[in-house]
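**Student:** got a sequence here, can you model it:
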Amino acid sequence: DVALNTSPAWLPDGSLLYVSNKDGARDIWVVGLDRDGAPREATRKRLTTGLEAHSISIADDGRTLAYARMIVRQNIYAISIPASGVASVRDARPVTSGTQVIENFGVSRDGKWLVFDSNIEGNQEIFVMPATGGEPRRVTRNTGDDFSPDFSGDGSQITFHSTRNATRDIYLINTDGSGEQRLTSDAAASYNPSFSPDGLRIAYGDRTLGTGRGLLGLLERPSTTAAWQRSPVPVAEGFAPRWSPDGTMLAFERNGISVMLPGGTTRTVAASSEALLQLRWPEWSADGQSIYFSASDADNVRGVYRIPAAGGTPQLVVRFDVPRLRPLLDGAPSPGNGLIYFVLVELESDIYVMDLVRK
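**Tutor:** Below is the predicted model:
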């Protein structure tokens with residue numbers, strides 16, 4: 001099924017215990033198997049409620065079970081962009097809080113608002129909150145998962161991708177939660193959309209399942225009240241596109257960080273090397289003169305880097321040098337109001353033991 005089913009462990013009688021989120025939380029389930037290994041559905045049942053088990057192990061006599069319970073907290077943090085030198089992540093302050101998973105977010109053009117995806121109310125939905133902190137307001141409401149939101153230039157609309165259908169599709173919704181539209185509906189996986197400043201174009205990643213190739217897609221409309229249409233993109237491959245503040249250029253990942261110039265030509269502004277690896281998630285500075293991105297150094301320490309948009313030497317801006325505050329690899333560092341925002345991951349895990357009693 002579409003649930004997460006993991007960590008199988010045998011009981012002495014040949015029944016199987018496993019962890020599943022079939023009913024929401026990660027709980028322990030049991031199922032009996034016939035001689036051919038097929039499940040006997042009449043025996044399948046949930047043994048715990050709200051346990052949030054990560055993995056399980058059963059003693060040889062089948063009377064004791066050990067399980068690990070892991071709590072994942074992924075929240076948005078902010079740190080001042082240093083005038084010189086390198087900032088340490090230990091000086092970052094949390095902007096959001098709580099036991100939730102935030103994967104991606106966006107900053108409004110005026111720097112006053114954050115939009116992000118979060119599972120704090122169950123499945124992954126889109127939320128909006130002041131960039132200085134405050135109470136988040138939920139924007140989307142559906143049974144699927146919604147990810148990677150981005151504001152339109154005037155902040156009135158949000159684009160995002162959703163897994164509520166057979167594959168990922170691009171959606172659009174007003175910031176107040178009204179007027180939701182589905183913009184793509186084909187067999188390709190469309191993801192990580194980016195709104196142009198004028199609100200008339202959306203660039204996004206596009207991958208046909210099974211090919212392994214990451215392409216760029218483009219949606220356009222002649223006015224904010226007109227219908228969206230697909231348009232060709234002169235870039236053959238790319239990922240995580242982001243528009244420049246004036247809307248004339250597009251930064252994206254392709255063997256490093258590249259920029260599509262007016263007219264469709266491209267140039268690489270930061271390439272992977274032995275000293276700088278896994279260059280990910282470009283984002284423009286407010287003045288369009290620089291591009292920020294995430295990368296790892298030769299010691300595999302992650303950091304936020306800045307490079308002139310015309311190319312040059314990458315400069316380390318923020319170093320993730322506190323082991324308990326791990327950066328989210330698939331999360332963009334976003335500048336705004338003299339700050340850099342990013343998602344940090346905190347993990348907490350404990351081991352428990354319980355007795356197994358057959359009834």
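**Student:** okay, and Ile351 sits in which element?
**Tutor:** strand 339-355 (DSSP states H and E).
**Student:** send the alpha carbons of that strand over as PDB?
**Tutor:** The C-alpha atoms that make up strand 339-355 are tabulated as PDB, following Å, rounded to 0.1, in the frame of the first residue of the first chain:
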ATOM      1  CA  LEU A 339      19.500  37.700   7.400                       C
ATOM      2  CA  ILE A 340      20.000  34.200   6.000                       C
ATOM      3  CA  TYR A 341      17.100  31.800   6.700                       C
ATOM      4  CA  PHE A 342      17.600  28.000   6.500                       C
ATOM      5  CA  VAL A 343      16.200  24.800   7.900                       C
ATOM      6  CA  LEU A 344      18.100  23.000  10.700                       C
ATOM      7  CA  VAL A 345      17.400  19.300  11.700                       C
ATOM      8  CA  GLU A 346      17.500  18.200  15.300                       C
ATOM      9  CA  LEU A 347      17.200  14.500  16.100                       C
ATOM     10  CA  GLU A 348      16.300  13.000  19.500                       C
ATOM     11  CA  SER A 349      16.200   9.200  19.900                       C
ATOM     12  CA  ASP A 350      15.700   6.800  22.800                       C
ATOM     13  CA  ILE A 351      15.400   3.000  23.200                       C
ATOM     14  CA  TYR A 352      12.500   1.400  25.100                       C
ATOM     15  CA  VAL A 353      11.700  -2.200  26.000                       C
ATOM     16  CA  MET A 354       8.200  -3.800  26.300                       C
ATOM     17  CA  ASP A 355       6.900  -7.200  27.200                       C
END
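**Student:** what is it packed up against?
**Tutor:** Contact analysis of strand 339-355 by 3 or more C-beta pairs under 8 Å, 6 or more residues apart in numbering; DSSP states H and E lists strand 64-80, strand 105-107, strand 315-319, strand 326-327, strand 334-336 as its packing neighbours. To be clear about C-beta, it is placed using only N, CA and C from the backbone, and glycine gets the same treatment.
**Student:** and the contacts of whichever helix or strand comes after the second one?
**Tutor:** In this case it means strand 105-107. Where DSSP H and E defines the elements, the next helix or strand beyond strand 105-107 is strand 113-118. For strand 113-118, contacts defined as C-beta atoms under 8 Å, 6 or more residues apart in numbering pick out 76, 95-96, 100-108, 124-131, 136, 139, 145-151, 155, 158, 160, 175, 341.
**Student:** that older thread, okay, the helices and strands packed on strand 339-355, which one's buried deepest?
**Tutor:** Per-stretch averages of neighbours, counted by mean count of other C-beta atoms under 10 Å, single out strand 105-107 among the helices and strands packed on strand 339-355, with a mean of 25.
**Student:** average pLDDT for that strand?
**Tutor:** Average pLDDT, strand 105-107: 95.
**Student:** how about stretch 218-230?
**Tutor:** Rounded mean pLDDT across stretch 218-230 is 94.
**Student:** list of residues touching it?
**Tutor:** By C-beta under 8 Å, 6+ apart, stretch 218-230 touches 170, 172, 181, 183-184, 199-204, 217, 231-233.
**Student:** widest-spaced pair of those residues?
**Tutor:** Spatially, the most separated pair among those is Gln181 and Pro232, at 21.8 Å (C-beta to C-beta).
**Student:** so which of these two has more stuff around it?
**Tutor:** Neighbours per residue, other C-beta atoms under 10 Å: of Gln181 and Pro232, the larger number sits with Gln181, 13 against 8.
**Student:** wait, what's in contact with that one?
**Tutor:** 171-173, 228.
**Student:** which of the contacts of stretch 218-230 fall in strands?
**Tutor:** Among these, the members found in strands (DSSP state E) are 170, 172, 181, 201-204, 217, 231.
**Student:** buried ones among these?
**Tutor:** Buried members of the ones in strands among the contacts of stretch 218-230, scored by 16 or more other C-beta atoms under 10 Å, are 170, 172, 201-204, 217.
**Student:** ok, of those, which one's closest to Gly331?
**Tutor:** Distance ranking of these against Gly331, using C-beta to C-beta, places Tyr204 first at 17.0 Å.
**Student:** gap between the closest residue to the closest one other than its chain neighbours and Val30?
**Tutor:** Nearest non-adjacent residue to Tyr204, counting by C-beta to C-beta, 6 or more residues apart in numbering: Pro193, 4.1 Å away. Separation of Pro193 from Val30 (C-beta to C-beta, to the nearest Å): 42 Å.
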